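**Student:** model the following, please.
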Amino acid sequence: MPADEVDREDIKLQAVLLADSFTKTFRPASFDKPKVLCPLNNVAMLDYTIEWLASSGVEELFVFCVQHADQVKAYVESSSWTTAIKVTCVKDTTCTNPGDALRELDKRGLVRSDPFIMMSGDVVTNVDVREALKEHKKRHKADSANMMTVLMKEVPHNSPLRSVADDLIVGINSNSNQICMFESRKFKDSNVQIPSSFFDAQSNICVKSDLLDCGIDICSPDVLARFSDEFDYKDIRKQFIRNSVAEEEEGLQNKIFAHFLGSTEYAARVHDFRTYSAISKDLIRRWCYPVVPDNLPSGYERKFAYEYSRHFVYREVKGNTVIARSTQIKNGCILGANANIEEGGKVASSVIGNDCYFGKNVVIEGSHIWSNVKIGSNVKVDQSIICDGCEIKEGAVISKGCVIGSNCVIGKGIVLKPFSRITCSANTDEGDDGDDDWSDSEEDEDVQEDVGGGEFESEVDVVGEDGKGKLWHPIVTDEDGGSSEDEEEWGEGGGEDWDEFVSVESQSIGFDVKGANARKIKLQSGGDLDDSGGGSVGGGDEGEGEGEWGGSENDGDMFFEEAHVVGRQKGVDVVKELRDLCLEHDHNSSFQNLAIELNSFKFSQNATYEDVNCGAVLAVAERVKEGLGDEGLSSVAKVLSALKKELVLWTELFEKCTPRKADECGIIVGAERLVCLPGMEKFRAGGGFRFILQTLNDEDILSEEAIEVWKGRREKGEGGKDGLELFADQSLKDFLEWLEEESDESDGSEDEEEEED
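**Tutor:** This is a model prediction of the structure:
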């Protein structure tokens, strides 16, 4: 063995972390702070990546910085990581793309580990990378052309972690996992071109469109050398990987392979604010265990400690957090240190940073409030991000999709339009070069110089006379190379062009992904969306509120309606098929086997956990019906007695199929369908549906939160004719009112106990 190969065997495992994403999708939050230092669930993104690298056996890490490099360097030097892993910041402000960064690393000769790990600084993962490293070493030893392994995860087409703008199409050799094609299809392209020679060269090919590129690569140092040889390579994915796998001439090929994550492994990149929120919710719901809010990265335990309680609520317990007795803290929340929330407030599915103050009657839903934020009384914040040091004055409304940059002030009574982005930075984006997703540095050099200085004039018609800030408009580059800052191109009423789908709106929390996917299908097919798929409870598309491993996000159900769902076989009644699977289950065997069958079918038909729960309830109903006969169905007491006995056998399955509270709505929809079955008329007339809900709640199968979500849907008129007729029943309304009163009394008792403690 040559001496240099022996030396490389002894070199410690190294990693390269790109601290710049070289995009503009996190502006204006990243104008005065690098994206990797922005908080995700009150932890800097950089800490998630370094924690994972250290746990994966990496002993030396190079953090490549372009913009705000001094901030990153200072942060790294003051952290505890320097004692666990050697971290070196590599600074070069002349780089404008990832290709430049890799060429600079090759020039400096810092990376000697073979292999080394390369990843973006905005990745969150719990992957056990040891097997991937072992496979890569084996392949590279057999053939030095095998120089790169890309970590990928199979995800649903409607995952909130996937880009709305691009569809990644990957061709994989099924025998070796070698990547043979790597193409990004634009949303209005119905197909992708594949040369005929592609099939001549490969004998067993699987073309997949359900893969998520995790942003983690295992590389040979030859990868850096190839970038030095090809000065026109700017992007790692769209140019280097794409061109390398397409090379047909033997001897010139750079062979790249895929490593697929296991079912319990998680990895995702924070591309923009929409994926930022989705990943946050995944961590809150513990899909990335042990990367969860109550298990902080090393060093954080010196200042903070989070306590995990029911309904996925996390409270910081070392600081002096004060929550008024009448304030409601709903499911899926993180409350940072020294938070102070006055009376009458409501916080739901939101992350609250450290040292925040909220006045009376403040409503925060689906939002991320960073540190040192002051919010006045009667303010409403919906699916938005408010950065460090902001102030929202009394009576203001922050509509969905907004991003308020650091130190901005929104004046009294101001109502921001949806998807507004406010900044106090004096810079503009003039001189930016390239499209919104892939080119340009995270922050231009002139941007860094202008922040905090220069002339700045607030737009009083936007933030109010007592406010501070202005609207930020990204520049749209058209096909002819021209640019525009026309606000209408970025608003909700924009045209049907490509720019709208890579705009501020599609990269924001609250974006209508369901509508975008429907439009995408229409544009790709050149037709309408009247094709019917199978029946579905959840609709199969995601909104904003649940992450990719948490199932579908759409909170609307369609009761008996049918709709086309991407990835679903036409004509398949999903709920009926799920019901039949449940009916085939033998209670003498483990429910784990049934759960696996249901989960497999769910993914194959792009169904949701709501669909699964609905089918399970209908299966329970069928068993009850068989036991009682037609005559017994008219007696409310007999049905409820038989239902309780049957539910004892099915509780384990419902627990497995409700990773989030909204998924329990499928249980309620199943109950609705049950009481609307033929022969149930007397049962329904006797208030049977109300008693079923109460029974499910009493048996701890159905939570108050799920009933509240379902109630909200019906109040909005969702659910079809039969569902709305059931909801109009007076006995049901009385029960819902009683349940709400009980919940309020329970919350009050808990607050009193906490005060006594």
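
**Student:** tell me where the model's unsure across the stretch 51-200 of the chain.
**Tutor:** Within the stretch 51-200 of the chain, the stretches with pLDDT under 70 are 80-83, 165-166, 185-200.

**Student:** now the helices: where do they sit in it?
**Tutor:** 69-78, 81-84, 98-108, 130-142, 197-201 (DSSP state H, counting those that start in this stretch).

**Student:** so which of these gets nearest residue 392?
**Tutor:** Closest to residue 392 of the helices of the stretch 51-200 of the chain, according to C-beta to C-beta: helix 69-78, at 25.8 Å. For glycine as for every other residue, the C-beta is placed from the backbone atoms N, C-alpha and C.

**Student:** may I have that closest one as CSV, with CA atoms only?
**Tutor:** Provided in CSV are the C-alpha atoms of helix 69-78 (Å, rounded to 0.1, in the frame of the first residue of the first chain):
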residue,chain,number,x,y,z
ALA,A,69,-17.8,35.2,9.2
ASP,A,70,-16.6,37.1,12.2
GLN,A,71,-19.9,36.4,14.0
VAL,A,72,-19.6,32.7,13.2
LYS,A,73,-16.0,32.6,14.3
ALA,A,74,-16.8,34.4,17.6
TYR,A,75,-19.7,32.0,18.3
VAL,A,76,-17.6,28.9,17.7
GLU,A,77,-14.7,30.1,19.8
SER,A,78,-17.1,30.9,22.7
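
**Student:** most centrally placed residue in this protein?
**Tutor:** residue 278 (2.1 Å; C-alpha atoms, centre = their mean).

**Student:** and it, what element?
**Tutor:** Using DSSP states H and E, residue 278 maps to helix 273-284.

**Student:** distance check, residue 609 against residue 268.
**Tutor:** Residue 609 sits at a distance of 19 Å from residue 268 (criterion: C-beta to C-beta, to the nearest Å).

**Student:** ok, residue 258 touching residue 179?
**Tutor:** Yes - judged on C-beta atoms under 8 Å, residue 258 makes contact with residue 179 at a distance of 5.4 Å.

**Student:** and those two? Which one has more around it.
**Tutor:** residue 179 (23 against 20; other C-beta atoms under 10 Å).

**Student:** let's test this: mean pLDDT of stretch 240-253, rounded?
**Tutor:** For stretch 240-253, the mean pLDDT works out to 73.

**Student:** number of nearby residues for residue 586?
**Tutor:** 8.

**Student:** same question, residue 279
**Tutor:** When neighbours are defined as other C-beta under 10 Å, residue 279 has 28 of them.

**Student:** distance check, it against residue 55.
**Tutor:** Taken as C-beta to C-beta, the span from residue 279 to residue 55 is 19 Å.

**Student:** cool, and residue 132?
**Tutor:** Distance from residue 132 to residue 55, counting by C-beta to C-beta: 14 Å.

**Student:** relative to residue 355, how far out is the closest residue to residue 155 other than its chain neighbours?
**Tutor:** Excluding the flanking residues, the one nearest residue 155 by C-beta to C-beta, 6 or more residues apart in numbering is residue 212, at 4.6 Å. The gap separating residue 212 from residue 355 is 35 Å, by C-beta to C-beta.

**Student:** between these two, which has more neighbouring residues?
**Tutor:** residue 212 (21 against 16).

**Student:** element containing residue 288?
**Tutor:** Using DSSP H and E, no helix or strand contains residue 288.

**Student:** quick revisit: may I see the buried residues of the helix holding residue 278?
**Tutor:** 273-284 (16 or more other C-beta atoms under 10 Å).

**Student:** got it, and stretch 704-715?
**Tutor:** For stretch 704-715, by 16+ other C-beta under 10 Å, it's 704-711, 713-714.

**Student:** just those residues: which are in helices?
**Tutor:** 704-711, 713-714 (DSSP state H).

**Student:** out of those residues, which is nearest to residue 329?
**Tutor:** For those, the residue nearest residue 329 by C-beta to C-beta is residue 705; the value is 11.7 Å.

**Student:** my read: that closest one touches residue 311, true?
**Tutor:** Yes - using C-beta under 8 Å, residue 705 is in contact with residue 311, at 6.6 Å.

**Student:** my read is residue 466 is in a strand, agree?
**Tutor:** No - Residue 466 is assigned coil when assessed by DSSP: H, G, I helix; E, B strand; the rest coil, not a strand.

**Student:** okay, residue 132 and residue 55: which has more neighbours?
**Tutor:** For residue 132 versus residue 55, neighbours defined as other C-beta under 10 Å are more numerous around residue 132 (24 against 16).

**Student:** which of the helices or strands spans the spatially closest residue to the more buried one that is not a sequence neighbour?
**Tutor:** Distances taken as C-beta to C-beta, 6+ apart place residue 259 nearest to residue 132, at 4.2 Å, with adjacent residues excluded. Assigned by DSSP H and E, residue 259 belongs to strand 255-260.

**Student:** can I get the CA coordinates of that strand in CSV?
**Tutor:** Extracted in CSV, the C-alpha atoms of strand 255-260 (Å, rounded to 0.1, in the frame of the first residue of the first chain):
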residue,chain,number,x,y,z
LYS,A,255,-19.5,7.6,-9.7
ILE,A,256,-21.9,8.8,-7.1
PHE,A,257,-24.1,6.6,-4.9
ALA,A,258,-27.2,7.0,-2.7
HIS,A,259,-27.5,5.9,0.9
PHE,A,260,-31.2,5.6,2.0
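
**Student:** can you name the next helix or strand after it?
**Tutor:** strand 267-269.

**Student:** is it true that residue 683 touches residue 637?
**Tutor:** No - with contacts defined as C-beta under 8 Å, residue 683 does not count as touching residue 637, sitting 10.4 Å away.

**Student:** neighbour count winner among those two?
**Tutor:** In this view residue 683 and residue 637 are compared by other C-beta under 10 Å, and residue 683 has more residues nearby, 23 against 10.

**Student:** so what touches the helix or strand encompassing the more buried one?
**Tutor:** Assigned by DSSP H and E, residue 683 belongs to helix 681-685. With contacts defined as C-beta atoms under 8 Å, 6 or more residues apart in numbering, helix 681-685 is touched by 633-636, 639, 675-676, 726.

**Student:** with that, I have no additional questions.
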